[in-house]
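Q: With the input below, show me the fold.
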Amino acid sequence: MAAELTFRTAEPADVPALVALVESAYRGEASRVGWTTEADLLDGQRTDADGVAAVIGRADSVVLVAEDEGELLACCHLERRGSSAYFGMFSVSPGRQGGGLGRAVLERAERLAREEWGAAELEMTVIEQRADLIAWYERRGFSRTGEYSPFPYGDERFGIPLRDDLRFERLAKSLG
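A: The predicted structure follows:
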């Protein structure tokens, strides 16, 4: 990981770069360079400019970006939810995956949620079929809750499913 890594809060001008980053990490052939691809599970988009702009502008919400010499390399979205914080839109440029950048972003997000918001827990949802990704989160202290929610079939804003058994599992980590 580069020594020049800096973190900041995303601004509306970052929306196009954030959409491109998220799409590159999860969808299409470019995503296969990294290990976070969902290309075998979903086609279509992962997010869009309206969705990213909405989370940037929402109260009790922040999009954290990591840059190296001005190049946007990673991001995540945090949303305050009572005594917990929701962690999502976590993306690392495929060519930079596997080198500790994702771990650094997650640690920064945990620190922000705990120290600035007083959150006791960080929670997220992950597609249940993403065993490799769930295992990565478990190695970082997250637990599977056994709580599931349906995949939004028919809503192409979240992608076009390539199989009919997708669902999300809630993962949680104590920040105490």
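Q: ok, how many other residues are close to Arg163?
A: Around Arg163 there are 10 other residues, counting by other CB atoms under 10 Å. All C-beta spots, glycine's among them, are computed from the backbone N, C-alpha and C.
Q: Now do the SS call for it.
A: At Arg163, secondary structure determined by DSSP: H, G, I helix; E, B strand; the rest coil is coil.
Q: residues touching it, list them.
A: Residues counted as contacts of Arg163 (CB atoms under 8 Å, 6 or more residues apart in numbering) are 41, 129.
Q: contacting residues around the helix or strand harbouring Gly88?
A: Per DSSP states H and E: Gly88 is located in strand 84-92. Residues from elsewhere that reach strand 84-92, judged by CB under 8 Å, 6+ apart: 21-22, 24-26, 34, 36, 47, 52, 55, 63, 73-79, 101-102, 105-106, 109, 113, 117, 119-125, 172, 175.
Q: Output the longest strand belonging to the protein.
A: Of all segments of type strand in the chain, defined using DSSP state E, the longest is strand 71-81.
Q: mind listing what that strand pairs with, with the direction of each?
A: Next to strand 71-81 in the sheet, as set by DSSP bridges, lie strand 61-68 (antiparallel), strand 84-92 (antiparallel).
Q: ok so, going back, and the contacts of strand 84-92, which of them are buried?
A: Applying a neighbour-count criterion of 16 or more other CB atoms under 10 Å, the buried members of these are 21-22, 24-26, 34, 36, 47, 52, 55, 63, 73-79, 101-102, 105-106, 109, 113, 117, 119, 121-125, 172, 175.
Q: Filter the residues you listed down to just the ones in helices.
A: Using DSSP state H to define helices, the subset of the buried ones among the contacts of strand 84-92 located there is 21-22, 24-26, 52, 55, 101-102, 105-106, 109.
Q: For Leu106, see how far away the most centrally placed residue in the chain is.
A: Nearest residue to the geometric centre of the chain (CA atoms, centre = their mean): Phe90, 1.7 Å. According to CB to CB, to the nearest Å, Phe90 and Leu106 sit 7 Å apart.
Q: ditto for Gly176
A: Between Gly176 and Leu106 the computed distance is 17 Å (CB to CB).
Q: So what's the residue count around the nearest residue to Cys75 once chain neighbours are set aside?
A: Using CB to CB, 6 or more residues apart in numbering and skipping residues adjacent in sequence, the residue nearest Cys75 is Val65, 4.8 Å away. Using other CB under 10 Å, Val65 has 22 other residues around it.
Q: Fine by me, we can end here.
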